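**Student:** Sequence plus the predicted model coming up.
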Amino acid sequence: MVGKVIVGAHYGLRDWLAQRITAVVMAGCTLVFLGVLLAGGPLTYASWKALFTKGPMPFIALLFAVSALIHAWIGMRDILMDYIKPVALRLALEVFVILWLVGCAGWTVRILWRL
């Protein structure tokens, strides 16, 4: 029986595409944030709080945060796979990164929706 050999153009394509899509989403969200900030009046705590309590801004902020977390995970995983050769150390660092990113996601949701 012949084992499957992974070669070809599709190896890593999914991660490459996810990096590009999350980058485009973050750029789009940044443009929306900048547009809202430049179009609004003076920036005070009350206006900032009002901006994130109604309308689509909490969703846009969450979309940005989720995209940033996915983008960060792919980048960190690739860095760890490339430069950390001992498997146990690499897995420990990957688990730490995952826990850190999940914690950041929970903190983001807590901030946006005051859970």
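**Tutor:** Happy to help now that I have it.
**Student:** host element of the most centrally placed residue in the chain?
**Tutor:** Nearest residue to the geometric centre of the chain (Cα atoms, centre = their mean): Ala68, 1.9 Å. Assigned by DSSP states H and E, Ala68 belongs to helix 57-83.
**Student:** which parts of stretch 92-104 are buried?
**Tutor:** Glu94, Val97, Leu101 (16 or more other Cβ atoms under 10 Å). (Glycine included, C-beta is placed from N, CA and C.)
**Student:** Any chance of JSON lines for those residues, columns pLDDT?
**Tutor:** Shown next, in JSON lines, are these (pLDDT from 0 to 100):
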{"residue": "Glu94", "pLDDT": "96"}
{"residue": "Val97", "pLDDT": "98"}
{"residue": "Leu101", "pLDDT": "97"}
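**Student:** Out of those residues, which comes closest to Leu62?
**Tutor:** Among the buried residues of stretch 92-104, Leu101 lies closest to Leu62 (Cβ to Cβ), at 14.4 Å.
**Student:** My guess is the closest one contacts Leu69. True?
**Tutor:** Yes - here Leu101 reaches Leu69: they are 5.0 Å apart, a contact under Cβ atoms under 8 Å.
**Student:** List the buried residues of the least confident helix or strand in the chain by mean pLDDT.
**Tutor:** Every helix and strand of the chain was ranked by mean pLDDT, DSSP states H and E. The lowest is helix 45-51, at a mean of 86. By 16+ other Cβ under 10 Å, the buried positions in helix 45-51 come out as Leu51.
**Student:** Run through who's touching it.
**Tutor:** The contact list for helix 45-51, computed with Cβ atoms under 8 Å, 6 or more residues apart in numbering, reads Val36, Gly40, Gly41, Met57.
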